[in-house]
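1. return a 3D structure for these sequence lines:
(2 chains)
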Protein chains: 2
Amino acid sequence: MYKDLDLIEKRLAEILSDREKNPGLIDPIRYSVLSGGKRIRPLLSIASGKLNAADSKSVLDIGCALELIHCYSLVHDDLPAMDDDDLRRGIATCHKKYDEATAILVGDALQALAFEILSAPGLKISPDNKLKIINIVSEASGINGMVGGQMLDLYSTGQQLNLTDLQNMHMCKTGALIKAAILCGYLCGSEFSLVRYSKLGQIAGSLGLLFQIVDDILDVTQTSDTLGKTANKDVVNEKATYVSLLGLEEAGAIAGELYTEIMVDLSSIQNSDMLQDIATSVYKRNH
Amino acid sequence: MYKDLDLIEKRLAEILSDREKNPGLIDPIRYSVLSGGKRIRPLLSIASGKLNAADSKSVLDIGCALELIHCYSLVHDDLPAMDDDDLRRGIATCHKKYDEATAILVGDALQALAFEILSAPGLKISPDNKLKIINIVSEASGINGMVGGQMLDLYSTGQQLNLTDLQNMHMCKTGALIKAAILCGYLCGSEFSLVRYSKLGQIAGSLGLLFQIVDDILDVTQTSDTLGKTANKDVVNEKATYVSLLGLEEAGAIAGELYTEIMVDLSSIQNSDMLQDIATSVYKRNH
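-> Next comes the predicted model:
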């Protein structure tokens, strides 16, 4: 996995170095993308590509495109009008380091760049599968996916959400892109089994949920230093979380059950070692 | 052209009515998209599709996707951190009617939706051409296109741009998407002539330039009421424009020359009547 992380960092840097016509914009873009991050989405694509003998360069690009979408969403979510955050990955957020207008445009440009990468000629993926991938990513990013989830999140602050609403919000906000990463990785290969594809979608749903529950737990149990972003923010903002709704113990128990379920499901799938490793690191992470 | 405008409005409304899961977001999206507008980009795609016997439903969708990108850019450009505008198409801008967070998310969701439409199954365009269209649109929207142009525009306010810089900025900011509209319309058909394609690209460049010069002229000669947006804004903001650099008379003369050149070029292309009509309406518009 460390080798893959290295490849992801290199490829992201490469993608962003090709586009240096506009230094006023590319510098803050590089600042926002190349400042670390767990790179869960590209890792998931690569891991899922291994189930389907995907071409490694092509699946790397698909994963990087998903990471660009994720990075844009962070830049916009941190804006004063949204979550108003000063700290991200241990450094100043884009609008703090530059300014608000730049941060808005960085996000906009990153979203466009993601689709440029996804539609680029030269990837060894069939045209039909490329189109499927673009359709999945755009749907997962938009009204009924990530952006819709952020909207639900913003307008639920201070409100008493129930568990179903909370789950629906997270399924959109983070779950949709995590699911897209896994499904698109699989579509980078040429085999297609509907049973396998559906199963992967289901595992991806559980993994997205696990990711969010662990996030909520870490928000109350870790310091800002460890997290690289403001800790205890959900409590301060009166946001409903799995911890606020279920308590720390129950949230931890559900995370454990989800993790077990995911590992059992993956154990019956050939070449899923890397997906299992990622699931474990999602469950056991401390930042 | 009026029939086509009607089809565009209907299709945009249809596209946005299919996505009603998230009323908090879909209402401001509909407000921002379905509030009129000249619909130049979809009209250009439809007109260009006629040169290549494109399937009318498919080219309509491609044009509408481009209009969604254009609408998102207006919503973001109007934000307080950017152009800080209260009025658009004669009504309150999205962030004035709703709030800033909503306007940011409306733009983000519209961009994703555009790529969802472009990659949707069912369009009668070859998979390879669909991918080319997506690649053209993403490039025209991003760092080296629309967003890059907006960045250049923002950071040139109050500076003394020369004509080359001004032209470069507009080629990115508005020219890229206008060119994309024409090229993508052509790619909706199945014939491909590199000579025709290149010629169309060149005509599109001139048309984009004409559009901008006329815009600059209208900014100083028309009232806010006629324009549906704040008039004389460029002067107040000390923005370099074709009028500020060349004077009203010289700007008008160049517009006239460009129009003549475009019409001569188009007159040698079969089935270009609609493109000619659009060029005329761009040249002779008063809002």
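2. need phi/psi at A:Lys124.
-> Recorded main-chain torsions at A:Lys124 are phi -90, psi 70, according to degrees, to the nearest 10.
3. before we move on, what about A:Ala92?
-> Dihedral angles (degrees, to the nearest 10) for A:Ala92: phi -60, psi 140.
4. near the nearest residue to it once chain neighbours are set aside, how many other residues are there?
-> Distances taken as C-beta to C-beta, 6 or more residues apart in numbering or on different chains put A:Asp86 closest to A:Ala92, at 6.5 Å, once the chain neighbours are dropped. Where you see a C-beta, it was placed from the backbone N, CA and C, and this is true even at glycine. A:Asp86: 14 surrounding residues under other C-beta atoms under 10 Å in any protein chain shown.
5. again with A:Tyr155
-> 14.
6. wait, it sits on B:Pro23?
-> No. Between A:Tyr155 and B:Pro23 there is no contact under C-beta atoms under 8 Å: 10.7 Å.
7. quick one: low-confidence residue ranges for the stretch 101-250 of chain A.
-> Within the stretch 101-250 of chain A, the ranges that satisfy pLDDT under 70 run A:224-237.
8. who in it is up against chain B?
-> A:101-102, A:104-105, A:107-109, A:111-116, A:118-121, A:127-128, A:130-132, A:134-135, A:137-139, A:141-145, A:147-148, A:150-152, A:154-155 (C-beta under 8 Å from any C-beta of the partner chain).
9. among these, which are in helices?
-> A:101-102, A:104-105, A:107-109, A:111-116, A:118, A:127-128, A:130-132, A:134-135, A:137-139, A:141, A:147-148, A:150-152, A:154 (DSSP state H).
10. buried subset of those?
-> Buried members of those, counted by 16 or more other C-beta atoms under 10 Å in any protein chain shown: A:101-102, A:104-105, A:107-109, A:111-116, A:118, A:130-132, A:134-135, A:137-139, A:141, A:147-148, A:150-152, A:154.
11. doesn't A:Thr93 make contact with the residue nearest to A:Ala92?
-> Yes. With contact defined as C-beta under 8 Å, A:Asp86 counts as touching A:Thr93 (5.9 Å).
12. tell me the secondary structure for the closest residue to A:Tyr98 other than its chain neighbours?
-> Nearest non-adjacent residue to A:Tyr98, counting by C-beta to C-beta, 6+ apart: A:Pro28, 4.8 Å away. Classification of A:Pro28 by DSSP: H, G, I helix; E, B strand; the rest coil places it in helix.
13. residues near A:Pro28, how many?
-> 22.
14. go on, A:Lys57?
-> Neighbour count for A:Lys57, taken as other C-beta under 10 Å: 13.
15. can you tell me the element it falls in?
-> helix A:56-77 (DSSP states H and E).
16. which elements pack onto that helix?
-> Secondary-structure packing of helix A:56-77 (3 or more C-beta pairs under 8 Å, 6 or more residues apart in numbering or on different chains; DSSP states H and E): helix A:2-17, helix A:23-33, helix A:40-49, helix A:100-118, helix A:127-141, helix A:146-154, helix A:176-187, helix B:100-118.
17. let's see 7 Å
-> Using 3 or more C-beta pairs under 7 Å, 6 or more residues apart in numbering or on different chains; DSSP states H and E, the elements in contact with helix A:56-77 are helix A:2-17, helix A:23-33, helix A:40-49, helix A:100-118, helix A:127-141, helix A:176-187.
18. kindly provide the distance from A:Val59 to A:Glu14.
-> Using C-beta to C-beta, to the nearest Å, A:Val59 is found at 16 Å from A:Glu14.
19. so what's the residue count around A:Gly205?
-> By other C-beta under 10 Å, neighbour count at A:Gly205 equals 18.
20. ok, for A:His95, nearest residue in space, not its chain neighbours?
-> Excluding the flanking residues, the one nearest A:His95 by C-beta to C-beta, 6+ apart is A:Ala103, at 3.8 Å.
21. next, the contact list for that neighbour, please.
-> Counting by C-beta atoms under 7 Å, 6 or more residues apart in numbering or on different chains, A:Ala103 makes contact with A:75, A:79, A:94-95.
22. compare neighbour counts for A:Val59 and A:Glu14 and give me the winner.
-> Each of A:Val59 and A:Glu14 has its neighbours counted (other C-beta under 10 Å); A:Val59 has more, 27 against 10.
23. I'd say the more buried one and A:Leu44 touch.
-> No. Shown here, A:Val59 and A:Leu44 do not form a contact pair, counting by C-beta atoms under 7 Å, at 10.4 Å.
24. okay, and the common contacts of those two?
-> Shared contacts of A:Val59 and A:Leu44, counting by C-beta under 7 Å, 6+ apart, come down to A:Gly185.
25. OK, contacts around the residue nearest to A:Ala92?
-> Counting by C-beta under 7 Å, 6+ apart, A:Asp86 touches A:92-93, A:96.
26. one step back: was I right about the residue nearest to A:Tyr98 contacting A:Val106?
-> Yes. Between A:Pro28 and A:Val106 there is a contact at 5.0 Å, judged by C-beta under 7 Å.
27. need the overlap of contacts for the two.
-> A:Cys94.
28. need the nearest residue in space to A:Gln150, chain neighbours excluded.
-> Using C-beta to C-beta, 6+ apart, the closest residue to A:Gln150 is A:Lys173 (5.7 Å).
29. neighbours around the one you found, how many?
-> 22.
30. how about the nearest residue to A:Tyr197, chain neighbours excluded?
-> Counting by C-beta to C-beta, 6+ apart, A:Tyr186 is the residue found nearest to A:Tyr197 once chain neighbours are left out, at 6.4 Å.
31. give the contact list for that neighbour.
-> Taking C-beta under 7 Å, 6+ apart as the contact definition, A:Tyr186 lies against A:48, A:51-52, A:197, A:200.
32. please repeat the previous calculation with a cut-off of 8 Å.
-> Taking C-beta atoms under 8 Å, 6 or more residues apart in numbering or on different chains, we find A:Tyr186 in contact with A:48-49, A:51-52, A:54, A:196-197, A:200.
33. redo the residues you listed as JSON lines? Include neighbour count and secondary structure.
-> Shown next, in JSON lines, are the contacts of A:Tyr186 (neighbours: other C-beta atoms under 10 Å in any protein chain shown; DSSP: H, G, I helix; E, B strand; the rest coil):
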{"residue": "A:Ser48", "neighbour count": "30", "secondary structure": "helix"}
{"residue": "A:Gly49", "neighbour count": "27", "secondary structure": "helix"}
{"residue": "A:Leu51", "neighbour count": "22", "secondary structure": "helix"}
{"residue": "A:Asn52", "neighbour count": "20", "secondary structure": "helix"}
{"residue": "A:Ala54", "neighbour count": "26", "secondary structure": "coil"}
{"residue": "A:Arg196", "neighbour count": "14", "secondary structure": "helix"}
{"residue": "A:Tyr197", "neighbour count": "15", "secondary structure": "helix"}
{"residue": "A:Leu200", "neighbour count": "24", "secondary structure": "helix"}
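34. which one of those residues is nearest A:Gln270?
-> A:Leu51 (7.2 Å; C-beta to C-beta).
35. measure the closest residue in space to the closest one that isn't next to it in sequence to A:Met171 for me?
-> Leaving out its chain neighbours, the residue that sits closest to A:Leu51 by C-beta to C-beta, 6+ apart is A:Asn271, at 5.4 Å. Distance of A:Asn271 to A:Met171, given as C-beta to C-beta: 27 Å.
36. between the two, tell me which one has more neighbours.
-> Higher neighbour count among A:Asn271 and A:Met171: A:Met171, with 20 against 13, using other C-beta under 10 Å.
37. and what about the more buried one, helix, strand or coil?
-> helix.
38. and what of the one 3 residues further on?
-> Using three-state DSSP as the criterion, the local structure at A:Thr174 reads helix.
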